[in-house]
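Chemist: sequence and predicted structure, then a few things I'm wondering about:
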2 protein chains.
Amino acid sequence: MATNIPADHPRARSLQTRERMKAAVEEGLVHMTGLIAHGRGEAFDYLLGEKTGPVATAATRKAAAVLLAAERPVLSLNGNVVALAAPELVTLAKAIPATLEVNLFHHTPERVRKLIQVVQDAGADRVLGDAPDMRIPGLASDRGPCHSDGIGGADVILVPLEDGDRCEALKKMGKTVITIDLNPLSRTAKTADVTICDELTRTVEHITTAVLETKAESGHLDRLRTAGVAAALLDWDNQANLRAARDEMIAVLREG
Amino acid sequence: MATNIPADHPRARSLQTRERMKAAVEEGLVHMTGLIAHGRGEAFDYLLGEKTGPVATAATRKAAAVLLAAERPVLSLNGNVVALAAPELVTLAKAIPATLEVNLFHHTPERVRKLIQVVQDAGADRVLGDAPDMRIPGLASDRGPCHSDGIGGADVILVPLEDGDRCEALKKMGKTVITIDLNPLSRTAKTADVTICDELTRTVEHITTAVLETKAESGHLDRLRTAGVAAALLDWDNQANLRAARDEMIAVLREG
């Protein structure tokens, strides 16, 4: 279909991102209903004024500390995540370092292979997802299969733009879950240990910055690793974090 | 791509609507980026608790009165609108009665013809859109063309799920504009004379009910038509209406 976005359109940038997501669907990277999920995120980002506020910044720093305290950290990738932020996620995985695994709701072996290729083209040495050897218990959908040396064996998982079912299933497995979810009311947001209510691409870059800063501080990384994941979460109240994120949106709605 | 939505998934209904929208894209009725716009709406509907509240009900009644007071009312249809609520809109058009016109942001003659066919299959006798003879002034995009015996000549237009540019251009032409827009912060919501912040399918059915009730009241319709559109709007403060809609969303966010 022909498309013609006027350059002077007030939402031209957002419309151009939409065109990129459309291209990702045409290339078979993103499921068509992933576009609807993207739209949901756009709406909540709108309520954050499309910028990173102090609440997301605090959650981002906590996420960096937890990922660095982990023994087997994994970054879980779906189609939207790869389409929006593949290079940023490869950079983060190398900075931690963490394992990358493609894991999809709308699973087909072909789509998994294509997504792995995109992440490798973005600079990743190794991306799991095409040879799952175990299942996440309690999932009725196609998203159960995973790698025992990836998501299955992880102690800490970053699952951006995640479905509520899987987030709950990962928690039941005893994992520590960090999510990036613009909707502070979603099951995923409420279930995770650390929820960053912010736009994906912005957030991943901010986590990387926090990871590199922490590693640069003398002794900080050793102290985190010695104390462990539970200690890194001791001072974190994720429900208070979500309340604060909702308050930021309330302020935008009140302004009008 | 294979899809497998578990029946026990808590958001199964919403996911099934997504599948319908996906099918409408595959049939060439909905532009792919229309799925993203649909997702934006989903998010705001989420903030309304996915139900019609008292604020939307009041706006719906006002919309019915204004449409009945009009001399040349037109219902403007785009791809998403037809995919989500074609039969409901045909019923509304007959109840008023009003003219139907297909008018698209992502315009192609083929898509216009397909959409007209869907609306005719839903029971409409006449649907404009495939032979535009004038342009809406001041629009840079493909959505300028319209019919002089439809949108061009209308005194009142219902434009559901509308782009801000076109809503402003229609206001500049001196039209009275009613919109259905779940985002109370959008330019369209702020620019229209009457904004109904509610989900499309629910809203169109509610307008039809209000239209039929008004016509059934003895003398009410005659009084509306004699007094005219400006009189029907005399007691309406759309900015207060939008503030009240935002307050409903604030209550949901506060609840958590």
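Modeler: Looks like it came in fine. Numbers count the residues shown, from 1 in each chain, chains lettered A, B, ... in the order given.
Chemist: phi and psi next, for the spatially most central residue of chain A.
Modeler: Nearest to the centroid of the C-alpha atoms of chain A, with distances taken as CA atoms, centre = their mean, sits A:P160, at 1.9 Å. When quoted as degrees, to the nearest 10, the phi and psi of A:P160 stand at phi -80, psi 150.
Chemist: contacts only, for it.
Modeler: A:S76, A:L77, A:N78, A:V81, A:A85, A:T179, A:I180, A:D181, A:L200, A:T203, A:V204 (CB atoms under 8 Å, 6 or more residues apart in numbering or on different chains). In short, each C-beta sits where N, CA and C put it, glycine included.
Chemist: how about a cut-off of 7 Å?
Modeler: By CB atoms under 7 Å, 6 or more residues apart in numbering or on different chains, the contact list for A:P160 reads A:V81, A:T179, A:I180, A:L200.
Chemist: and for A:K62?
Modeler: A:V194, A:W236.
Chemist: again, but for A:L182
Modeler: A:G41, A:F44, A:D45, A:C197, A:D198, A:E199.
Chemist: can you list the residues you listed in JSON lines and add neighbour count, secondary structure and distance to A:E101?
Modeler: What follows is the contacts of A:L182, written out as JSON lines (neighbours: other CB atoms under 10 Å in any protein chain shown; DSSP: H, G, I helix; E, B strand; the rest coil; distance: CB to CB, whole Å):
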{"residue": "A:G41", "neighbour count": "22", "secondary structure": "helix", "distance to A:E101": "22"}
{"residue": "A:F44", "neighbour count": "24", "secondary structure": "helix", "distance to A:E101": "26"}
{"residue": "A:D45", "neighbour count": "20", "secondary structure": "helix", "distance to A:E101": "26"}
{"residue": "A:C197", "neighbour count": "30", "secondary structure": "coil", "distance to A:E101": "24"}
{"residue": "A:D198", "neighbour count": "25", "secondary structure": "coil", "distance to A:E101": "22"}
{"residue": "A:E199", "neighbour count": "21", "secondary structure": "coil", "distance to A:E101": "22"}
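Chemist: please report how far A:M21 lies from chain B.
Modeler: Separation of A:M21 from chain B (CB to the nearest CB, to the nearest Å) stands at 7 Å.
Chemist: do I have it right that that residue meets A:L35?
Modeler: Yes. Using CB atoms under 7 Å, A:M21 is in contact with A:L35, at 5.7 Å.
Chemist: ok, and of the contacts of A:L182, which contact chain B?
Modeler: Contacts with chain B within those, as defined by CB under 7 Å from any CB of the partner chain: A:F44.
Chemist: ok and the residue in chain A nearest chain B?
Modeler: A:G39 (2.2 Å; CB to the nearest CB).
Chemist: run the chain-centre distance for the helix or strand that residue falls within.
Modeler: Assigned by DSSP states H and E, A:G39 falls within helix A:32-46. Relative to the centre of its chain, helix A:32-46 is centred 14 Å away, using CA atoms, centre = their mean, to the nearest Å.
Chemist: show me what it is packed against.
Modeler: helix A:12-26, helix A:79-95, helix B:12-26, helix B:32-46 (3 or more CB pairs under 7 Å, 6 or more residues apart in numbering or on different chains; DSSP states H and E).
Chemist: the closest residue to A:G41 other than its chain neighbours in helix, strand or coil?
Modeler: Nearest residue to A:G41 in three dimensions, chain neighbours excluded: A:L182, at 4.6 Å (CB to CB, 6 or more residues apart in numbering or on different chains). Classification of A:L182 using DSSP: H, G, I helix; E, B strand; the rest coil returns coil.
Chemist: where along the stretch 151-256 of chain A do the helices fall?
Modeler: A:164-172, A:187-191, A:200-216, A:220-227, A:229-232, A:238-255 (DSSP state H, counting those that start in this stretch).
Chemist: so which bits of the helix or strand hosting A:A63 are buried?
Modeler: In this assignment (DSSP H and E), A:A63 forms part of helix A:54-69. Within helix A:54-69, the residues that qualify as buried are A:55-56, A:59-69, counting by 16 or more other CB atoms under 10 Å in any protein chain shown.
Chemist: next one: stretch A:246-256
Modeler: Buried residues in stretch A:246-256 (16+ other CB under 10 Å): A:R246, A:E248, A:M249, A:I250, A:L253.
Chemist: show me which of those neighbour chain B.
Modeler: With CB under 7 Å from any CB as the criterion, the buried residues of stretch A:246-256 include A:R246, A:M249, A:I250, A:L253 near chain B.
Chemist: show me the shaky parts of the stretch 151-256 of chain A.
Modeler: Nowhere does the stretch 151-256 of chain A drop to pLDDT under 70.
Chemist: quick check: residues of it near chain B?
Modeler: Close to chain B, as judged by CB under 7 Å from any CB, the stretch 151-256 of chain A has residues A:G164, A:D165, A:N183, A:L185, A:L242, A:R243, A:R246, A:M249, A:I250, A:L253, A:R254, A:G256.
Chemist: need the max-distance pair from those.
Modeler: A:D165 and A:G256 (35.8 Å; CB to CB).
Chemist: if we can go back for a sec, what angle sits between whichever helix or strand comes after the helix holding A:A63 and helix A:200-216?
Modeler: The C-terminal neighbour of helix A:54-69 among helices and strands, as given by DSSP H and E, is strand A:73-77. With axes from the mean of the first three to the mean of the last three CA atoms, to 10 degrees defining the directions, strand A:73-77 sits at 170 degrees from helix A:200-216.
Chemist: sheet partners, orientation included, of strand A:73-77?
Modeler: Sheet partners assigned to strand A:73-77 using DSSP bridges are listed as strand A:99-102 (parallel), strand A:156-160 (parallel).
Chemist: quick check: angle from the longest one to helix A:54-69?
Modeler: Computed with the same axes, to 10 degrees, the direction of strand A:156-160 lies at 140 degrees from that of helix A:54-69.
Chemist: what about strand A:156-160, distance to the chain center?
Modeler: Using CA atoms, centre = their mean, the offset of strand A:156-160 from its chain centre is 6 Å.
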